[in-house]
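Q: Dropping a prediction and its sequence here:
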Amino acid sequence: VQLQASGGGLVQTGGSLRVSCAGSGRTFSNYKMGWFRRAPGKEREFVASIKSRGTTYYADSVKGRFTISRDNAKNTVYLQMNSLKPEDTAVYYCASGMDEMQYVYWGQGTLVTVSS
C-alpha cells in the first residue's frame with residue numbers, strides 16, 4: 001500500500017482546511033486509516049482514525065473541530081479541519097493498517113501552517 005497525502009497549506013486562525021490521503025491497492029477498504037501530526041520540536045501524535053467499517057476516533061485536542069472520513073471508491077481518506085488554531089501547525093501524516101493492528105504504511109506528510 002502506498003499513501004500520498006495532499007492538501008496542506010497556510011490558513012489563518014479560525015479557518016478551515018481539508019487534507020486528503022490517496023492510497024493504492026484494491027484492499028484499501030479493508031484497512032483502518034489514521035492521521036497523525038508532528039509539530040516543530042515535538043513528537044508525532046495521533047489525531048484521528050477511521051476503521052474499515054467506519055468507526056472513528058479522535059484526539060481530545062481536535063474533537064469537535066476535525067472530522068475524518070473515507071471514500072473507499074476513491075481509495076481516499078480525508079481530514080476536515082475547522083476552527084484551526086496555531087497549535088494545529090504541524091506536518092500531517094496519513095497511515096494505514098489492519099483493524100486492531102499497528103499502522104504499517106505511512107504517507108510522506110503534508111504541512112499545515114496556521115497563522116495567528
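A: Looks like it came in fine.

Q: contacts, neighbours, all on C-alpha from now
A: Will do.

Q: quick one, what contacts residue 44?
A: 36-38 (C-alpha atoms under 8 Å, 6 or more residues apart in numbering).

Q: Okay, and which of those map to strands?
A: If you go by DSSP state E, those have 36-38 in strands.

Q: Is it possible to get CSV of those that adds pLDDT, distance to residue 113 and neighbour count?
A: Converted to CSV, the ones in strands among the contacts of residue 44 look like this (pLDDT from 0 to 100; distance: C-alpha to C-alpha, whole Å; neighbours: other C-alpha atoms under 10 Å):
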residue, pLDDT, distance to residue 113, neighbour count
36, 98, 15, 19
37, 98, 12, 23
38, 98, 12, 19
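
Q: Please name the spatially closest residue to the most centrally placed residue in the chain (chain neighbours excluded).
A: When C-alpha atoms, centre = their mean is applied to the chain, the residue found nearest the centroid is residue 35 (2.9 Å). Once flanking residues are discounted, residue 35 sits nearest to residue 94: 4.5 Å by C-alpha to C-alpha, 6 or more residues apart in numbering.

Q: The one you found: what's it in contact with?
A: 3, 5, 21, 33-36, 106-109.

Q: Just the buried residues from those, in PyMOL please.
A: Here is the PyMOL selection string for the buried members of the contacts of residue 94, based on 16 or more other C-alpha atoms under 10 Å:
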select buried, resi 3+5+21+33+34+35+36+106+107+109
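
Q: In strands only, show me the contacts of residue 94.
A: 3, 5, 21, 33-36, 106.

Q: from those residues, which is closest to residue 54?
A: Among the ones in strands among the contacts of residue 94, residue 33 lies closest to residue 54 (C-alpha to C-alpha), at 9.7 Å.

Q: Check the gap between the nearest residue to the closest one once chain neighbours are set aside and residue 54 for me.
A: Distance criterion C-alpha to C-alpha, 6+ apart; nearest residue to residue 33, sequence neighbours excluded, is residue 96 at 4.5 Å. Separation of residue 96 from residue 54 (C-alpha to C-alpha, to the nearest Å): 14 Å.

Q: Just want to know which of these two has more residues nearby.
A: Legend: neighbour count by other C-alpha atoms under 10 Å for residue 96 and residue 54, higher for residue 96 (26 against 14).

Q: Thanks a lot, see you next time.
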